[in-house]
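In: Below are the sequence and a predicted model for it; my questions follow.
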Amino acid sequence: MVYSNREWLYEFDFSDTPGNAKIISQMLSTSFRSVVNLIAEKDRIIQLKKQASYLLSYADYTLELLHEKNFIMDSHAHTHEYNVNSWSNFLEKGIKFLKQPRDIIQATDFNPTIVNTIKCFGASLYLYKEHNEEKFLHLIGTAGEISADEYFSVDEEDIFVVEAFTKGERIIAFREEKQTIYLTEPVGNFVFCLHFSLDISWRSENVIAYVEEIESAIINTKEEEYFFKFFKSMIGGIL
């Protein structure tokens, strides 16, 4: 007899053991052939499972940010001002995908070595404004336990937020006294700044030496790049 799930599936006469053994062998062989192709597809099945999980996470993420951005747009349409709390809520939700620790890896192709680990703990957002011939960047939102200046003149030097805006490019900066790495990037008239803590204390020379590895650690998968691009597009969308 063949037994499964507490039920007898087939009955066999034990007086004909050799014949029954042959039948059972044929049955098992047939069952095995029905699933053997799936073994070769194991990696693809695992990948599809990961993609499904990613798509669900991405859908939730985009809906959350769209909800926050729509609230900001509605508020701006009525008041023509930028609500700091609204942008702060947007940032809190926007950086969720960056909250996990990220390893900075040296020589990823031939001898991968973790040299430090970073974690995003906050963000700030600035908007370019002009008033009475003055040009400045005005803080309109923060996320996390951070300190951020309310204003920067676009003429100020040695300010990485200003430098990113005036040069129109992404900048990786570091403040040794705070042991904090900053990724700062302009998007239209906005400049956002992501704040990362370090597991191991570093000097400025270390950050300079590993700046490419740091950037790779922040956006370390193709999937995360989609999150990052959507985050930027929501910041720079037309109000």
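Out: Sure thing, it's come through. Numbers count the residues shown, from 1 in each chain.
In: Look up phi and psi at E177.
Out: E177 adopts backbone torsions of phi -70, psi -30, taken as degrees, to the nearest 10.
In: Could you give the number of residues near it?
Out: 5 (other CB atoms under 10 Å). C-beta here means a position set from N, CA and C on the backbone, and glycine is covered the same way.
In: do you know how far it is from R203?
Out: 11 Å (CB to CB, to the nearest Å).
In: how about the helices of this protein, start to end?
Out: Ranges of helices in the chain, per DSSP state H, are 17-40, 42-79, 84-94, 160-167, 204-209, 211-218, 222-236.
In: so the third one versus helix 222-236, what angle?
Out: With axes from the mean of the first three to the mean of the last three CA atoms, to 10 degrees as the basis, helix 84-94 and helix 222-236 are set at 170 degrees to each other.
In: can you start the count at 31 instead of 1 from here on
Out: New numbering, starting at 31: the last item is helix 114-124.
In: Quick one: list the elements packing against helix 114-124.
Out: helix 72-109, strand 143-161, strand 164-174, helix 252-266 (3 or more CB pairs under 8 Å, 6 or more residues apart in numbering; DSSP states H and E).
In: switch to 6 Å and redo it
Out: In this structure, helix 114-124 packs against helix 72-109, strand 164-174, with contacts taken as 3 or more CB pairs under 6 Å, 6 or more residues apart in numbering; DSSP states H and E.
In: Pick the most buried one from the ones you listed.
Out: Across the helices and strands packed on helix 114-124, averaging neighbours per residue (mean count of other CB atoms under 10 Å) puts strand 164-174 on top, at a mean of 19.
In: what residues does that one touch?
Out: The contact list for strand 164-174, computed with CB atoms under 6 Å, 6 or more residues apart in numbering, reads 112, 114, 117-118, 121-122, 125, 151-159, 178, 180-184.
In: and if we set it to 8 Å?
Out: Residues from elsewhere that reach strand 164-174, judged by CB atoms under 8 Å, 6 or more residues apart in numbering: 112, 114, 116-118, 120-122, 124-125, 151-160, 178-185, 191-192, 195, 221, 225.
In: Pull out the buried residues from the residues you listed.
Out: Neighbour counting by 16 or more other CB atoms under 10 Å classes 112, 116-118, 120-122, 124-125, 151-157, 178, 182, 184, 191-192, 195, 221, 225 among the contacts of strand 164-174 as buried.
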